[in-house]
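Peer 1: Okay, structure incoming, though there's no sequence with it:
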């Protein structure tokens with residue numbers, strides 16, 4: 001037998017993808033489809049489905065041609081090339097009639113919060129020279145509709161946002177073209193519009209640039225948006241004295257806040273305020289203002305526990321120091337109590353602004369009493385008006401005693417006279433005591449340092465004697481007579 005070798009070539013049939021096709025409505029189209037892999041001697045047979053209205057395919061040549069009718073639309077035609085022996089290849093592609101593109105621009109990017117932004121959409125046909133798209137464009141920020149505008153003769157539409165339509169951060173702006181009888185609808189790619197926090201200005205004013213300790217001072221803060229941004233900032237402001245925070249509060253609906261305080265110490269103060277961002281408006285510091293706090297004036301008043309006293313009586317003087325308006329507070333420090341030009345003694349102010357000084361050493365007569373407040377770092381010194389303290393002589397009590405009230409003749413008996421102040425007086429009386437037997441002076445003695453004096457007597461005859469001691473008084477104590485002592489001689 002004979003064996004013969006030969007070669008059998010198998011062809012692969014393919015149709016070349018023509019790529020996306022774009023045609024204007026009413027325009028003529030001509031597209032040659034290319035196929036490969038047909039064996040020698042065979043012929044192609046072409047067919048197509050899904051072509052735009054008005055177009056057809058030449059089965060022998062693979063040429064798609066015709067005038068497009070109908071309306072704007074997107075097609076997905078499929079073409080097939082057959083070799084007549086059961087072999088074929090197909091290819092699908094896109095064909096758009098009246099396709100458009102939409103582009104976006106912004107008047108300013110980035111913008112500030114509260115600033116109006118104009119976005120402009122331009123709709124153009126994919127096939128140049130095929131007319132001007134008409135209709136409307138809807139502008140959106142994400143899924144939120146901003147507004148719908150009509151295209152002008154240049155196929156442009158612009159929309160100006162309201163001041164607060166766009167939030168701080170990134171905004172995704174798109175424009176959707178509605179389409180028309182000649183052009184397809186289209187949505188632009190996302191245009192990223194950045195909105196920054198709006199810069200602010202912070203103004204600070206004081207109700208009184210110069211005040212005194214304890215005086216209420218009101219600081220007024222105004223936080224304003226900066227152009228081209230707009231609106232009214234909200235949020236919190238903190239007031240500082242130098243680097244120390246001393247108070248904080250919230251802005252009202254007008255972007256203002258007031259802070260009233262009366263606790264600034266005497267001296268110079270550099271006052272500032274800081275606005276803290278609310279997410280829409282930038283944080284900002286005010287310029288410093290100078291606040292001078294002077295020491296507040298005071299008024300001292302002195303009172304006495306008993307304006308008319310007696311010698312040796314303890315008298316308490318009370319000084320009350322108050323702050324003169326518009327100042328306020330409680331003075332601290334020391335008070336000096338004076339009797340004319342003579343210092344009586346000191347006192348320290350308590351938490352109520354009072355100091356006391358007690359004495360029982362005032363001499364008989366009138367005394368001009370004042371209280372002198374020395375001041376402290378926040379309050380000035382002051383001297384009270386004088387009050388008159390009258391000191392009278394103290395009353396005394398005289399007591400006459402003897403060891404026995406009956407004695408024989410020619411027997412000595414010693415009489416003791418004691419003179420003591422009557423309360424509230426105190427001290428030791430001085431002077432003389434005169435002894436009487438009836439109306440007859442029988443002796444006169446000077447009081448000792450113990451307030452006593454003694455007289456020794458004797459009688460030769462029996463009888464009754466009425467003995468009395470009379471104190472003469474001195475500069476501080478009044479005179480007094482003792483009760484009568486009856487001494488019997490038997």
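Peer 2: Received the coordinates, thanks. Model, not experiment: these values are computed from the prediction.

Peer 1: Look up how far residue 250 lies from the closest residue to residue 281 other than its chain neighbours.
Peer 2: Distance criterion C-beta to C-beta, 6 or more residues apart in numbering; nearest residue to residue 281, sequence neighbours excluded, is residue 233 at 4.1 Å. From N, CA and C alone the C-beta is placed, and that goes for glycine too. Distance, residue 233 to residue 250, by C-beta to C-beta, to the nearest Å: 11 Å.

Peer 1: where are the low-confidence patches of the chain?
Peer 2: Scanning the chain for pLDDT under 70 picks out 1, 5-11.

Peer 1: And the residue nearest to residue 281, its phi and psi?
Peer 2: With angles defined as degrees, to the nearest 10, residue 233 shows backbone torsions of phi -60, psi 150.

Peer 1: Contacts for stretch 72-80 next, please.
Peer 2: If you take C-beta atoms under 8 Å, 6 or more residues apart in numbering as the criterion, stretch 72-80 is touched by 15, 25, 33, 46-52, 57, 62, 64, 88-99, 179-184.

Peer 1: before we move on, back to that, in terms of neighbours, single out the busier of residue 233 and residue 250.
Peer 2: More crowded of residue 233 and residue 250, by other C-beta atoms under 10 Å: residue 233, with 27 against 9.

Peer 1: isn't the more buried one right up against residue 221?
Peer 2: No: Residue 233 is not in contact with residue 221 according to C-beta atoms under 8 Å; the separation is 10.7 Å.

Peer 1: shared neighbours of these two, anything?
Peer 2: Joint contacts of residue 233 and residue 221 (C-beta under 8 Å, 6+ apart) are 251, 275.

Peer 1: Give me the distance from stretch 268-283 to the chain's centre.
Peer 2: What separates the centre of stretch 268-283 from the centre of its chain is 10 Å, taken as C-alpha atoms, centre = their mean, to the nearest Å.

Peer 1: check contacts around residue 24.
Peer 2: Counted by C-beta under 8 Å, 6+ apart, residue 24 has contacts 68, 97, 98, 125, 127, 130, 131, 182.

Peer 1: Make a PyMOL selection of the buried ones in those.
Peer 2: The buried subset of those, as determined by 16 or more other C-beta atoms under 10 Å, is captured in PyMOL by this line:
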select buried, resi 68+97+98+125+127+130+182
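
Peer 1: ok, so of the contacts of residue 24, who is nearest residue 169?
Peer 2: Closest approach between these and residue 169, by C-beta to C-beta: residue 125, at 35.1 Å.

Peer 1: List the beta-bridge partners for the closest one.
Peer 2: With DSSP bridges as the criterion, residue 125 is bridged to residue 100.

Peer 1: My read is that it contacts residue 98, right?
Peer 2: Yes: using C-beta under 8 Å, residue 125 is in contact with residue 98, at 7.3 Å.

Peer 1: Need the residues touching each of those two.
Peer 2: 24, 183.

Peer 1: secondary structure element for the residue minimising distance to the centre of the chain?
Peer 2: Centroid-nearest residue in the chain, with C-alpha atoms, centre = their mean: residue 248, separated by 0.6 Å. Assigned by DSSP states H and E, residue 248 belongs to strand 244-250.

Peer 1: Name the next helix or strand downstream of that strand, please.
Peer 2: Scanning onward from strand 244-250 (DSSP H and E), the first element met is strand 256-261.

Peer 1: Show me what that next one is packed against.
Peer 2: Judged by 3 or more C-beta pairs under 8 Å, 6 or more residues apart in numbering; DSSP states H and E, strand 256-261 is in contact with strand 217-225, strand 244-250.

Peer 1: between the contacts of residue 24, which is closest to residue 477?
Peer 2: Closest to residue 477, out of all of the contacts of residue 24 and judged by C-beta to C-beta, is residue 125, at 129.9 Å.
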